[in-house]
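Asks: no sequence on hand, only this structure:
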């Protein structure tokens, strides 16, 4: 995500991108009805029994995409229009904002036909019927993509998404500043004590210290969790568990070598420091890989996140996928675009341009993925990650837990007290009956 690029991982996931307020989409003057009852126009494929759609007459699509990954979508749009004759307009909207924007603009016909968001948003979006199931291409999607990806883009047993990438984050480092990536956070502290000089704006390590998406390793690496039963039991919250508190001890200890308020650590600030050689290590996602490679070249290194409390760091992971707006005037064309954009070839295009980990099983075995040390590193970290919960109540988690991290980091609040308070707020929000 960027998700977050959490994400707020989180988010994802996220987790500062421009947002088009209403878009260039040709909306009907009255609120359209959801397209969920509109049958897909199917004709037998010439060489298989899989359905083949044709776009509606005069179909024009709008898709939402992040600024960081639009190079891939621009290329896909060009190929799709050449093949099917459907005009497609791209509007830049952060994936972490798209679920809320879809809820706001979908019923009025102002939202994009095809949207993308981290999978932790799916429960709320699907339960309010804002996206159409991936029905026409269901069998093909399930056959071609990993089980984790299919689980991530499904809700209540129904497949909704067209998965395109698996995302998590890892440690970027500048080989000119630190020759080898540290294996533990104790080593990170040891290096940073010598390197960090706030007066010169030089730091050993940075990450978004107030963002749950990037802070999840400081919850989960020693057994902490958000919701129990693989993220589905809202009555079992593990944010203040013994394992979480053990990992949080490491989190709190890092304040010594990163004397910066959590609100002052932004993606733009980190990016500028890292590319200028004033930041030795950055915990970040694949969306930064292209820019970092361009800026640092052979000096760029990537590695797993250092161990926390003696245990491998467990990062948040998310599945990015396209979804079809249920209020789209052109659901067939939208389905076709979402499917076309997530083929093996186009997932590899995303890998080549952005550095993401494909969800297509054949793409994961390609030389492009296996021979690229950067993508391979993300794949390895992904194996030691946990998917963000996708139930609607996940939306309630970000604000109170993010505030708890900020209290610990900025105000030296006791970790247990901060997380106890966050859990109490979360229980109250969940008891309200709907995700806020």
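Replies: That came in fine, so what should we check first? Since the model is a prediction, treat every value here as computed from it, not as a measurement.
Asks: domains in this protein, by residue range?
Replies: For the chain, automatic domain parsing gives the domain ranges 35-167+318-387, 170-316.
Asks: redo these as CSV? Include mean pLDDT.
Replies: Formatted as CSV, these follow (pLDDT from 0 to 100):
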stretch, mean pLDDT
domain 35-167+318-387, 89
domain 170-316, 96
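Asks: now do the end-to-end distance for stretch 86-103.
Replies: Using CA to CA, to the nearest Å, the span of stretch 86-103 from its first residue to its last is 25 Å.
Asks: in stretch 101-112, what counts as buried?
Replies: By neighbour count on 16 or more other CB atoms under 10 Å, the buried set for stretch 101-112 is 101, 102, 105, 106, 107, 109, 110, 111, 112. Using the backbone N, CA and C atoms, a C-beta is placed for each residue, glycine as well.
Asks: ok, which of the domains of the chain comes nearest residue 408?
Replies: domain 170-316 (5.9 Å; CB to CB).
Asks: end-to-end on that closest one?
Replies: For domain 170-316, by CA to CA, the gap between its terminal residues amounts to 10 Å.
Asks: can you check stretch 252-259 too?
Replies: 11 Å.
Asks: for that stretch, buried residues please.
Replies: Buried residues in stretch 252-259, counting neighbours by 16+ other CB under 10 Å, are found at 252, 254, 257, 258.
Asks: one more: stretch 270-282?
Replies: Buried-residue list, stretch 270-282, by 16+ other CB under 10 Å: 270, 271, 273, 274, 275, 278, 279, 280, 281, 282.
Asks: out of these, who's nearest residue 413?
Replies: Closest approach between these and residue 413, by CB to CB: residue 270, at 24.1 Å.
Asks: neighbours of residue 76, how many?
Replies: Per other CB atoms under 10 Å, the neighbour tally for residue 76 reads 24.
Asks: SS state for it?
Replies: For residue 76, the assignment made with DSSP: H, G, I helix; E, B strand; the rest coil gives helix.
Asks: ok, it touching residue 346?
Replies: Yes. Residue 76 is within contact range of residue 346, at 5.6 Å (criterion: CB atoms under 8 Å).
Asks: okay, the buried residues of stretch 252-259 in a markdown table with secondary structure and distance to residue 242 next?
Replies: Output for the buried residues of stretch 252-259, formatted as a markdown table (DSSP: H, G, I helix; E, B strand; the rest coil; distance: CB to CB, whole Å):
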| residue | secondary structure | distance to residue 242 |
| --- | --- | --- |
| 252 | helix | 16 |
| 254 | helix | 20 |
| 257 | helix | 26 |
| 258 | coil | 26 |
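Asks: make CSV from those residues and add distance to residue 246 to it.
Replies: Output for the buried residues of stretch 252-259, formatted as CSV (distance: CB to CB, whole Å):
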residue, distance to residue 246
252, 11
254, 15
257, 20
258, 20
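Asks: in stretch 231-246, what counts as buried?
Replies: So for stretch 231-246, counting by 16+ other CB under 10 Å, buried means 231, 234, 237, 238, 239, 240, 241, 243, 244, 245, 246.
Asks: what average pLDDT does the helix ranked longest in the chain get?
Replies: The residue-count maximum for a helix in the chain (DSSP state H) belongs to helix 415-431. In this model, helix 415-431 has a mean pLDDT of 97.
Asks: now do the strands in the stretch 1-150 of the chain.
Replies: 42-44, 51-53, 60-65, 87-92, 114-118 (DSSP state E, counting those that start in this stretch).
Asks: deepest-packed of those strands, please.
Replies: When the strands of the stretch 1-150 of the chain are scored by mean count of other CB atoms under 10 Å, the highest mean neighbour count falls to strand 114-118 (a mean of 30).
Asks: who's residue 60 bridged to?
Replies: Beta-bridge partners for residue 60, by DSSP bridges, are residue 87.
Asks: please renumber so the chain begins at 365
Replies: Renumbered: residue one is now 365, and that last one reads residue 424.
Asks: hmm, it is touching residue 449, no?
Replies: No. With contact defined as CB under 8 Å, residue 424 and residue 449 do not form a contacting pair (10.7 Å).
Asks: the strands of the stretch 365-514 of the chain: which one's closest to residue 662?
Replies: Using CB to CB, the strands of the stretch 365-514 of the chain put strand 424-429 closest to residue 662, at 30.3 Å.
Asks: show residues contacting the closest one.
Replies: Contacts to strand 424-429, defined as CB atoms under 8 Å, 6 or more residues apart in numbering, come from residues 387-390, 437, 441, 450-457, 459, 462, 465, 476-480, 686, 694, 697-698, 701.
Asks: longest strand in this protein, by residue count?
Replies: When the chain is parsed with DSSP state E, its longest strand is strand 679-688.
Asks: elements contacting it?
Replies: In terms of contacts (3 or more CB pairs under 8 Å, 6 or more residues apart in numbering; DSSP states H and E), strand 679-688 is packed against strand 478-482, helix 511-516, strand 526-531, helix 695-704, strand 749-751.
Asks: reformat these as TSV; add distance to residue 723.
Replies: Converted to TSV, these look like this (distance: least, CB to CB, whole Å):
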stretch	distance to residue 723
strand 478-482	13
helix 511-516	4
strand 526-531	4
helix 695-704	14
strand 749-751	12
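Asks: out of these, which one sits most buried?
Replies: Ranked by mean neighbour count, these are led by strand 478-482 with a mean of 30 (mean count of other CB under 10 Å).
Asks: still on that earlier bit, of all the helices and strands packed on strand 679-688, which one is nearest residue 551?
Replies: Closest among these, using CB to CB: strand 749-751, at 21.6 Å.
Asks: each with direction, which strands does that closest one pair with?
Replies: strand 679-688 (parallel).
Asks: could you tell me the angle between the strand it pairs with and strand 424-429?
Replies: Using axes from the mean of the first three to the mean of the last three CA atoms, to 10 degrees, the inter-axis angle of strand 679-688 relative to strand 424-429 is 170 degrees.
Asks: buried set for strand 679-688?
Replies: 679, 680, 681, 682, 683, 684, 685, 686, 687, 688.
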